Every structure is written in structure tokens, then in C-alpha cells.
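*Asks:* this one's sequence-less:
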Ligand code: SF4
């Protein structure tokens, strides 16, 4: 099994503290993070992913919007610089300690955060990075 992840969620999973849009969203997100922490690989998908799933039935669902797809495109390019390859649909990635460290360093430096512009969680995620990702659920293995 793999967890389906759209590119810009490679950023969001770095800062997940247990907060989110709805209680269902948070519960589902927590399960996904536990699967990744247990060693399950993630698979890059286009569009809505396992994290989006609880939001797809919501009236204000933004998961299919063009600006969110643009976040994916920007993140893939920037994260590709860190990983040595632009993540493409169908690629599998294991979130090893090395990968997580590199992504978090780049996130804190702001070099992979073009997708975050305009996001309602921007200030929270910035504060989390400034606090060295203290309390975040995604753990290095
Ligand atoms: S600011 Fe928004 S897009 Fe960026 S990591 Fe946080 S939740 Fe994700």
C-alpha cells in the first residue's frame, strides 16, 4: 500500500500539528501521517489525494481549483531541486530521515514555499518552521 499525495502536500505534511479544516479532515490526516511514520511509501498523484478525501464532499471544497493545481506544479519544481528529481505522477517516495531533514531545511529557508503564497495557514506554518517543527506529527525514521 502507498499513501496518495499531491505535490503541494509534500509541504503541508511537514508542518502538520493536528490542526485543519474540519474534525474529519484532522482525523484522516493523522491516520495518513501514522502510515508514513510506520514506513509506508507515498505515491505522487495529480489532483485530489488521500489528504483531500474528507473535503471532497464539502460545499467549499477547493481541491480541484486551478490555483491549487498551480500549487502542485510549483511545489514539484521546487522540491525537485531538493530531491534531485521533479516528482511526477506515479512516482513513489519514502520519507526517510534524510528526505525529511532536507525538505524541512528548505521549507524553513523558504526556498520551496512558492505554493504557500495566499494560503490561509501561511503564518501558522511559518511559525512552526521557526519553532523547528516542534510537535509536528511526521517523524523522521
Ligand atoms: S502554508 Fe499552506 S500550502 Fe504551505 S505548507 Fe502550510 S498549509 Fe501547506
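*Replies:* Yep, that arrived. These figures come from a predicted structure and were not determined experimentally.

*Asks:* hang on, residue 79 packs against residue 107?
*Replies:* No. Contact criterion CB atoms under 8 Å: residue 79 and residue 107 do not qualify, at 9.7 Å. Bear in mind the C-beta positions are built from the backbone N, C-alpha and C, glycine included.

*Asks:* Now do the shared contacts for the two.
*Replies:* Common neighbours of residue 79 and residue 107 (criterion: CB atoms under 8 Å, 6 or more residues apart in numbering): residue 11.

*Asks:* So which bits of the helix or strand where residue 123 lies are buried?
*Replies:* If you go by DSSP states H and E, residue 123 is part of helix 122-130. By neighbour count on 16 or more other CB atoms under 10 Å, the buried set for helix 122-130 is 125-126, 128-129.

*Asks:* how much space between the residue sitting furthest away from the middle of the chain and residue 23?
*Replies:* Computed with CA atoms, centre = their mean, the residue of the chain farthest from its C-alpha average is residue 59, at 22.5 Å. Noted for residue 59: a distance of 17 Å to residue 23, by CB to CB, to the nearest Å.

*Asks:* follow-up on the earlier one: ok, which of the buried residues of helix 122-130 also contact the ligand?
*Replies:* Residues of the buried residues of helix 122-130 in contact with the ligand (CB under 6 Å from any ligand atom): residue 125.
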